[in-house]
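1. take this sequence and fold it.
(chains A, B, C and D)
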Number of protein chains: 2
Amino acid sequence: MLTEERQQIILQQLKIHNIVKLHDLISLTGASASTLRRDLKDLESCHKLLRIHGGAQNVISLHEEPALSQKATINLDGKKAIGKAAANLVQNDEVIFLDSGTTIQFMIPYLIEHKNLLVVTNSVDNASMLADYNIDTFLPGGRLKSATKALVGSTMIQTLESYHFDRAFIGANGFSVDSGCTTPDPEESMIKKLAIEQSNLAFVLSDSSKYCQVSFSKFADLKDITLITSGLSDKELELLNKKTRVMEVN
Amino acid sequence: MLTEERQQIILQQLKIHNIVKLHDLISLTGASASTLRRDLKDLESCHKLLRIHGGAQNVISLHEEPALSQKATINLDGKKAIGKAAANLVQNDEVIFLDSGTTIQFMIPYLIEHKNLLVVTNSVDNASMLADYNIDTFLPGGRLKSATKALVGSTMIQTLESYHFDRAFIGANGFSVDSGCTTPDPEESMIKKLAIEQSNLAFVLSDSSKYCQVSFSKFADLKDITLITSGLSDKELELLNKKTRVMEVN
DNA sequence: TTGATTTTGATCGAATTTGGTTGTAATATA
DNA sequence: TATATTACAACCAAATTCGATCAAAATCAA
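-> Numbers count the residues shown, from 1 in each chain, chains lettered A, B, ... in the order given. Next up, the predicted model:
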């Protein structure tokens, strides 16, 4: 059995079961524990799975959005760096759109450097933080999604259609060369898509853990946005650079 | 069974039942009590659940009061009682408006008793809390006021004009027989006024410390609203009762 | 074929996980 | 209230899994 075959089997099992045990893989492939450990190690290093004691699990299960508190602490330094870099792109007097999500939230402390900004956001949490920083903020109306505290729905869409932004900063649960930028919830996906359309320049902020992740709903092709990310390898960057503009921070 | 599997089962059970007993988890996973205790400990330390004697419960346990961080501790018992009384007025299937302000916020934990509510609010903080309690919430668009984290402005007004509420619950910085209900900010005052107009029944929530206080901008005559208050003397109540309906709680 | 490179499987000590035991604390019952 | 029951944290020893290493096997190149 070839290495490629084994790894396909592993990923396939993961898709089905969300979790695989090393033991099962041994009987499934006939390979030794050592070999399969090596496979898992390889697959983990390109973010295709997450190793756990006794096996491996999906990096994210498609229909599960981890609650904010859980997500918030992951890859903190990376998010901070991304947030700072993104905020530095903003110019005085601009109107910008801020998506929901913790990565985007890290931009806010750095936004106070800029004068006379107007921020439009669909995130209740971001709005609260923007108010703390005394940044002029506008919320389009919408229905509130409990899980992410983002505003969605037809009202939001109608409102956004009548706005135009200098820049939009969007979060993503996954991005890949083939599938573009994706997120679990179709309604939020539609907001992201629309915000990108209504902007002169659109940026997707996402750390390396989201690379090669595909979530349910696609909201942008890589060619239509500029990616701001951190923690990617040179090889991965090279590959991405063929499809989009990438800002690697740190 | 892998650690990760067990923990997923635990969280899944919590989502369904809001509470799990250690005993049930033992029969559900086949793992020992020690192991499951460890799992609960781990999950608690990353804030995915709250341990209780004999098992665990969701972090946001529905029937429990939120920890309120701020200086909102003034007259806490009074506000709680007012919030509870106000929430009890609400009926299933109603559309209600919630104003901004801490007193109003105390209603939210008690609102979960009612089924199929739709809450409209202009307060970002209330919205966030409503999301925590999984209550259907709609935010009309508007400009965000930093000081109070309330949404104001023409967009908000236009939106509210097209809505109609079964009940509106409004906060006030002052109320008196002569000057009616008042609040410092004219823009917020306009929102309150409008919300009252658009409702079948309007309630102003305000504790006794606001009695005979007059703030800059008036948004309602006492005759147009029902006052929900606490801590007033019999004499004061008698006086007020001539001008308006008063619910004294506690 | 020969020699170099890669892949594989086995081994072993270290690290992790697990289930049971113990004494203590919390809860239930009388 | 006093007592019995149950759940708890802390600890330990057994079992499992892990990572590192190395030699055998397979693959490749000339």
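
2. was I right about A:V59 contacting A:L49?
-> Yes. A:V59 is within contact range of A:L49, at 6.3 Å (criterion: C-beta atoms under 8 Å). For every residue, glycine as well, the C-beta is placed using N, CA and C.

3. of these two, who's got more company?
-> A:L49 (22 against 17; other C-beta atoms under 10 Å in any protein chain shown).

4. in chain A, what residue sits furthest out from the centroid?
-> Here chain A reaches farthest from its C-alpha mean at A:G30, the gap being 36.5 Å by C-alpha atoms, centre = their mean.

5. quick one: end-to-end distance for stretch A:127-145.
-> One end of stretch A:127-145 sits 15 Å from the other (C-alpha to C-alpha, to the nearest Å).

6. and chain A, split by domain according to the record?
-> A:3-57, A:68-249 (automatic domain parsing).

7. pick the most buried one from those.
-> domain A:68-249 (a mean of 20; mean count of other C-beta atoms under 10 Å in any protein chain shown).

8. the helix-or-strand element of chain A with minimal mean pLDDT: what's the following helix or strand?
-> Within chain A, judged by mean pLDDT, DSSP states H and E, the helix or strand with the poorest mean is helix A:68-72; its value is a mean of 41. Later in the chain than helix A:68-72, the nearest helix or strand by DSSP states H and E is helix A:76-89.

9. quick one: strands adjacent to the next helix or strand after that next one?
-> Using DSSP H and E, the helix or strand that follows helix A:76-89 in sequence is strand A:95-98. Strand A:95-98 pairs in its sheet with strand A:118-121 (parallel), strand A:165-171 (parallel), by DSSP bridges.

10. which among those strands is found nearest to DNA strand C?
-> Among the strands paired with strand A:95-98, the nearest to DNA strand C by C-beta to the nearest atom of the strand is strand A:165-171 (30.2 Å).

11. which secondary structure elements does the helix or strand just after the closest one contact?
-> Where DSSP H and E defines the elements, the next helix or strand beyond strand A:165-171 is strand A:174-176. If you count contacts as 3 or more C-beta pairs under 8 Å, 6 or more residues apart in numbering or on different chains; DSSP states H and E, strand A:174-176 packs onto strand A:180-183.

12. how about residues contacting the strand it packs on?
-> Here strand A:180-183 makes contact (C-beta atoms under 8 Å, 6 or more residues apart in numbering or on different chains) with A:170-176, A:189, A:192, A:204, A:206, A:213-222, A:225.

13. mind redoing it with 6 Å?
-> If you take C-beta atoms under 6 Å, 6 or more residues apart in numbering or on different chains as the criterion, strand A:180-183 is touched by A:172-175, A:189, A:204, A:214-215, A:217-222.

14. got the CA coordinates for it in CSV?
-> Output in CSV follows, covering the C-alpha atoms of strand A:180-183 (Å, rounded to 0.1, in the frame of the first residue of the first chain):
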residue,chain,number,x,y,z
GLY,A,180,-11.6,29.9,-1.8
CYS,A,181,-12.8,31.4,1.5
THR,A,182,-15.5,29.6,3.4
THR,A,183,-17.5,29.8,6.6
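
15. quick check: next helix or strand after it?
-> Following strand A:180-183 toward the C-terminus (DSSP H and E): helix A:186-197.

16. how far away from the center of its chain is that next one?
-> What separates the centre of helix A:186-197 from the centre of its chain is 14 Å, taken as C-alpha atoms, centre = their mean, to the nearest Å.

17. that one vs strand A:165-171, what angle?
-> 150 degrees (axes from the mean of the first three to the mean of the last three C-alpha atoms, to 10 degrees).

18. what does chain A have sitting close to DNA strand D?
-> Taking C-beta under 7 Å from any atom of the strand as the measure of proximity, chain A contacts DNA strand D at A:21-23, A:33-34, A:37, A:41, A:51-55.

19. give me that answer again for 10 Å
-> Residues of chain A lying close to DNA strand D (C-beta under 10 Å from any atom of the strand) are A:1-2, A:21-26, A:32-38, A:40-41, A:44, A:51-56.

20. for DNA strand D, see how far away the closest residue to A:G83 other than its chain neighbours is.
-> Closest residue to A:G83 apart from its sequence neighbours, by C-beta to C-beta, 6 or more residues apart in numbering or on different chains: A:F106 at 2.8 Å. Relative to DNA strand D, A:F106 is positioned 30 Å away (C-beta to the nearest atom of the strand, to the nearest Å).
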